[in-house]
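Asker: structure of the sequence below:
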Amino acid sequence: MSNTTDYNKPVAYDSEGRPLYAHPPKKVVEKTSNKHSTQFVHMTRVAEPAKIEISPQTKLKHERSKTAYPNLNLSAGEYVIRDVKRHPIGLVPPLAIGLFLLILAFMMLYNYELVFKSLQISITNLNSLWIVGPIIGFIILVVLGIYVAYYVYVNNRFYLTNESVIQELQTGLFYRSEQTVSLANIEDASYTQHGVIEQLFNFGSVRLSTEGDETTYQFSYVANPKSHIAALNNAVEAFKNGRPIETDD
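Answerer: Numbering: from 1, shown residues only. Alright, predicted model coming up:
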């Protein structure tokens, strides 16, 4: 005898004679569009965010910095706290070499006849321009080299503002770049002085490291690095804790 129930036959009748059928319970299947459900979080943004109020003192400092440093792209309310320049001692090697070459060139220019005679070279049939011209050209090249070395050196600058650190890099006569790091991203700031010369003339290297990408920024030949690093660390601490940043003025 089969145990299979025929659900097409009525099992009873109601009071009005209508048949009643027995059916197995239906399984409820939850239908989802994807195998893995994805949740979305929708955030709203004000169409016109509230404008941050800037104090008159901050506005005045910002305007002064814009006038003094027109090359910097300062945001509203941002002003320069320190303009860190390189120590002039870094110009000594290129200037010394250039000066030495110029002295030799001018000595050759005014005493070339004696030089050729001492070398037993006859110049009676030579036009003086064939000798003077190359010497003058060499002098011009040396002067240009000194200017380029000076221009590249002094245009490497380091600025500390109330919001960020801006480093201008001049690595060539026609190559310039700029790096900007927010004070909120600075993890460590330190300086080093190696040797007697750096401590005697009070210059050294400044090093900054940032959070996350662990990028390191270095600036060499900084005059009075200890004072600049102290001001930078104070600015970073005040910025992260929401306190006003103290300035030198």
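Asker: specify the beta-bridge partners of the residue nearest the centre of the chain.
Answerer: In the chain, the C-alpha nearest the mean C-alpha coordinate belongs to residue 179, at 2.0 Å (Cα atoms, centre = their mean). Beta-bridge pairing of residue 179 under DSSP bridges involves residue 167.
Asker: residue 193 and residue 204 touch, don't they?
Answerer: Yes. Assessed by Cβ atoms under 8 Å, residue 193 is found in contact with residue 204 at 3.8 Å. All C-beta spots, glycine's among them, are computed from the backbone N, C-alpha and C.
Asker: common neighbours of these two, please.
Answerer: Common contact partners of residue 193 and residue 204 (Cβ atoms under 8 Å, 6 or more residues apart in numbering): residue 225.
Asker: so the two - more neighbours on which side?
Answerer: Taking other Cβ atoms under 10 Å, residue 193 and residue 204 do not tie; residue 204 has more neighbours (24 against 17).
Asker: helix or strand: which one has the more buried one?
Answerer: Per DSSP states H and E: residue 204 is located in strand 203-210.
Asker: list the buried residues for that strand?
Answerer: 203-210 (16 or more other Cβ atoms under 10 Å).
Asker: likewise stretch 221-240?
Answerer: Buried-residue list, stretch 221-240, by 16+ other Cβ under 10 Å: 221-223, 225, 228-229, 231-232, 235-236, 239.
Asker: picking that back up, after the strand holding residue 204, next one along is what?
Answerer: Beyond strand 203-210 toward the C-terminal end (DSSP H and E), the next one is strand 216-223.
Asker: report the distance from that following strand to the chain centre.
Answerer: 12 Å (Cα atoms, centre = their mean, to the nearest Å).
Asker: give me the contacts around whichever helix or strand comes after that strand.
Answerer: Counting by DSSP H and E, the next helix or strand C-terminal to strand 216-223 is helix 225-240. Contacts with helix 225-240, where a contact means Cβ under 8 Å, 6+ apart, come from 81-82, 84, 158, 160, 162-163, 165, 183-184, 186, 189-193, 203-206, 208, 222, 243-246, 248.
Asker: give the rounded mean pLDDT of helix 225-240.
Answerer: The average pLDDT within helix 225-240 is 91.
Asker: likewise for stretch 189-204?
Answerer: On average, stretch 189-204 scores 91.
Asker: buried residues in whichever helix in the chain runs longest?
Answerer: When every helix of the chain is counted residue by residue (DSSP state H), the longest turns out to be helix 129-154. Residues 131, 135, 138-139, 142, 146, 149, 152-153 are the ones in helix 129-154 that count as buried (16+ other Cβ under 10 Å).
Asker: I'd like the residues you listed as a markdown table, with distance to residue 76 and pLDDT appended.
Answerer: Putting those into a markdown table (distance: Cβ to Cβ, whole Å; pLDDT from 0 to 100) gives the following:
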| residue | distance to residue 76 | pLDDT |
| --- | --- | --- |
| 131 | 63 | 73 |
| 135 | 57 | 84 |
| 138 | 52 | 92 |
| 139 | 50 | 93 |
| 142 | 47 | 95 |
| 146 | 41 | 94 |
| 149 | 38 | 93 |
| 152 | 32 | 92 |
| 153 | 33 | 93 |
